[in-house]
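Peer 1: everything below, folded, please.
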Amino acid sequence: MTALISHATVNPLAPVIASLARMGIRHGKESLQGLSTGLVTHTPGWHSAGELLTAEGVREWLDAAAGRWSAQPHAAAALAWKCYSYWLALPAVIGFATSRRVPLMTPDHVLVRFSDRQPFLTLALRQPVTAVLATDPIVASETAGLLIVEDEDELLGVMRRSLVDAHLDPMLDEVRKQARLSRRTLWGSVASGVSYAMSRGFVAPPAEVLDTTHRVLAALGADDLVDLSVRAEGGLDIKRRTCCLAFTLPTPKVCTSCCIRQ
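Peer 2: Coordinates of the predicted model:
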């Protein structure tokens, strides 16, 4: 059972934004270059993410990706998807891991800017709704835009429905109509991106990071596409079971986690 609260007081995304800011301090400003500062924006010049669920929207986006990477269409599509799915998932998975608050990343809440230069894209939220546990102290404050859920399993279910069912799955279907790529190839980038997000943005004992990452991946239906272990120096050792096709670029790149290294 869920309940939506719509009064106005404090910002429910504050701990998520703080966790992302700490990630930027640890890993440099480029580690946040795909997200608008403060996550939320009301300025003009953005596309609604819903436009990327249309044939015309995906075509424009993939054309920009081909220019950005000087890549063949299928490789440009794979890299554009890898980039988009990483930045889209980052606030949700870090929110769950660090504060059990999950911003809903549905197309109607997400804004996008993209170009053929670096950074390729930036994401932001407009009028966000945040899923929180019924035990979260913020519930008592009757804060605006809360979706209240009963337990962590339900919170993960909300994450999947907003991030995957409502957004990534229909977008993936449109990408595959325009580029010859398998679902497994594309979804492998989601699994890798979530794993990197957790490894970089969730500061906790290594065993907890590993366990929580597996839990999030399982909820998103992607736990079979990466092999994870704890590195001796901390963080996760991530091995993909698929390839993002960066090795096909004019200047080939083989990612440290790529399956072709194994």
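Peer 1: what about the strands in the stretch 151-262 of the chain?
Peer 2: For the stretch 151-262 of the chain, the strands defined by DSSP state E, counting those that start in this stretch cover 226-230, 236-240.
Peer 1: comparing these, which comes out most buried?
Peer 2: strand 236-240 (a mean of 20; mean count of other C-beta atoms under 10 Å). All C-beta spots, glycine's among them, are computed from the backbone N, C-alpha and C.
Peer 1: and the longest helix along the chain, which residues are buried?
Peer 2: Ranked by residue count, the top helix of the chain under DSSP state H comes out as helix 73-99. Within helix 73-99, the residues scored as buried using 16 or more other C-beta atoms under 10 Å are 74-99.
Peer 1: just stretch 140-148 next, same as before
Peer 2: Neighbour-count burial for stretch 140-148 [16+ other C-beta under 10 Å]: 143-148.
Peer 1: quick one: closest of the strands of the stretch 151-262 of the chain to residue 24.
Peer 2: strand 236-240 (19.0 Å; C-beta to C-beta).
Peer 1: which strands and helices sit next to the closest one?
Peer 2: Under the contact criterion of 3 or more C-beta pairs under 8 Å, 6 or more residues apart in numbering; DSSP states H and E, strand 236-240 touches helix 183-201, helix 206-220, strand 226-230.
Peer 1: save these as a markdown table, and put in distance to residue 176 too.
Peer 2: A markdown table is the format used below for the helices and strands packed on strand 236-240 (distance: least, C-beta to C-beta, whole Å):
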| stretch | distance to residue 176 |
| --- | --- |
| helix 183-201 | 7 |
| helix 206-220 | 18 |
| strand 226-230 | 21 |
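Peer 1: quick one, which of those gets closest to residue 236.
Peer 2: Nearest of the helices and strands packed on strand 236-240 (C-beta to C-beta): helix 183-201, 3.9 Å.
Peer 1: in that closest one, which residues are buried?
Peer 2: For helix 183-201, using 16+ other C-beta under 10 Å, the buried residues are 185-201.
Peer 1: what do you get for stretch 46-59?
Peer 2: 46-47, 49-50, 52-53, 57-58.
Peer 1: so where's this protein uncertain?
Peer 2: 1-9, 116, 242-262 (pLDDT under 70).
Peer 1: nearest residue to the middle of it?
Peer 2: Nearest to the geometric centre of the chain sits residue 89, at 1.4 Å (C-alpha atoms, centre = their mean).
Peer 1: how close does the closest residue in space to it that isn't next to it in sequence get to residue 200?
Peer 2: If the residues on either side of it in the chain are set aside, residue 89 comes closest to residue 194, at 5.4 Å by C-beta to C-beta, 6 or more residues apart in numbering. Distance of residue 194 to residue 200, given as C-beta to C-beta, to the nearest Å: 11 Å.
Peer 1: the closest residue to residue 158 other than its chain neighbours: what's it in contact with?
Peer 2: Leaving aside its chain neighbours, residue 158 sits nearest to residue 131 (4.5 Å; criterion: C-beta to C-beta, 6+ apart). Contact analysis of residue 131 by C-beta atoms under 8 Å, 6 or more residues apart in numbering lists 101-104, 146-149, 155, 158-159, 162.
Peer 1: for residue 131, which residues make a bridge with it?
Peer 2: Going by DSSP bridges, residue 131 is paired in beta bridges with residue 102, residue 147.
Peer 1: 567 is where my numbering starts, stick with that
Peer 2: Sure, I'll start counting at 567 from here, so that last one is residue 697.
Peer 1: how close does the residue nearest to residue 801 when sequence neighbours are not counted sit to residue 737?
Peer 2: Using C-beta to C-beta, 6+ apart and skipping the chain neighbours, the partner closest in space to residue 801 is residue 765 (4.7 Å). The gap separating residue 765 from residue 737 is 25 Å, by C-beta to C-beta.
Peer 1: hang on, the residue nearest to residue 655 packs against residue 654?
Peer 2: No: applying C-beta atoms under 8 Å as the test, residue 760 and residue 654 come out as separate, 10.4 Å apart.
Peer 1: three-state assignment of residue 688?
Peer 2: On the three-state scheme (DSSP: H, G, I helix; E, B strand; the rest coil), residue 688 is labelled strand.
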